[in-house]
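In: Need a 3D model of the following:
(one chain, ligands or ions: 3)
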Amino acid sequence: MSEVHTIDHPLIQHKLTHLRKKETGTKEFRELTDEIAALMGYEITRDLDLQSIEIETPITKTESNVIAGKKMVVVPILRAGLGMVDGIVSLAPAAKVGHIGLYRDPDTLEPVEYYCKMPPELGSREVIVVDPMLATGGTAEAGLQFVKDKGAQNIKFVCLVAAPEGVERLQEAHPDVDIYTAAVDEKLNDHAYIVPGLGDAGDRLFGTK
Ligand SMILES: O=P(O)(O)OC[C@H]1O[C@H](OP(=O)(O)OP(=O)(O)O)[C@H](O)[C@@H]1O
Ligand SMILES: O=c1cc[nH]c(=O)[nH]1
Ligand SMILES: [Mg+2]
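Out: Residues are numbered from 1 along each chain as shown. Ligands and ions are numbered 1, 2, ... in the order given. The predicted structure is shown next:
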């Protein structure tokens, strides 16, 4: 069974409260999403492998650590996942970025695919799939299957707000993928929106409603 990591650092909780407020406009919503993603990125990358290399300081030769292995990959699920990319990439500027186009059909609630482009050699990279909202879990389940079908083996899923229903579904479908979230909310409403949640993350990020 995968683990659920609720990253409840005070700075993240503070920013998430402002993100949730209905009067928060597009500009501030974008900035807060970016800042929270960067703060979460710090925790998400905590277990990256290190390798020791030889360097020379002004004083002496010494052994010191750098990140080992191939560059990690951040994979936003379009659209809303795009809002989390820059924050994480600011911590790992050489990271690769793959894209998955998926939206949730408002009637059937099923994920609909429209785009997929991944960097090479996913199997030997750490893959971080990002989407602010984990509601029913249908989109995340399909997104994770996409990256697995492209070879990814070492995967994390990162969201801002999760519903218990989505967490349960994702853990069942992908027991090998740990979930990182800033909050696990109460429930889904009749339209499968997260309660209390923050509304439609994509629309709020891009000003489309
Ligand atoms: O867990 P689920 O029930 O599948 O719902 C979550 C999905 O819904 C939202 O995307 P949306 O379909 O609104 O697309 P968008 O990012 O283009 O707005 C959100 O960003 C997730 O991708
Ligand atoms: O609460 C929700 C559920 C799905 N998608 C969103 O953007 N918000
Ligand atoms: Mg949306």
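In: how about the helix or strand hosting Lys15: buried residues?
Out: Element membership for Lys15 (DSSP states H and E) is helix 10-20. For helix 10-20, burial by neighbour count (16 or more other Cβ atoms under 10 Å) applies to 12, 15-16, 19-20. C-beta here means a position set from N, CA and C on the backbone, and glycine is covered the same way.
In: What parts of this protein come near ligand 2?
Out: 80, 133, 135, 193-194, 197, 200-202 (Cβ under 6 Å from any ligand atom).
In: Let me know the closest of those residues to ligand 1.
Out: Among these, Gly202 lies closest to ligand 1 (Cβ to the nearest ligand atom), at 2.2 Å.
In: so what pLDDT did that closest one get?
Out: What the model reports for Gly202 is a pLDDT of 97.
In: Can you give me the distance of it to Gly123?
Out: 30 Å (Cβ to Cβ, to the nearest Å).
In: So between those two, which is more surrounded?
Out: Using other Cβ atoms under 10 Å as the criterion, Gly202 and Gly123 rank with Gly202 on top: 21 against 13.
In: So the residue of the chain positioned farthest from its centre: helix, strand or coil?
Out: Centroid-distance maximum for the chain: Ile59 at 41.3 Å, with Cα atoms, centre = their mean. With DSSP: H, G, I helix; E, B strand; the rest coil as the basis, Ile59 sits in coil.
In: For it, give its distance to ligand 2.
Out: 53 Å (Cβ to the nearest ligand atom, to the nearest Å).
In: and that residue, what is it in contact with?
Out: Residues in contact with Ile59 (Cβ atoms under 8 Å, 6 or more residues apart in numbering): none are found.
In: What distance do you get for it to Val184?
Out: 49 Å.
In: can you check Gly83 too?
Out: 20 Å.
In: again with Pro196
Out: 12 Å.
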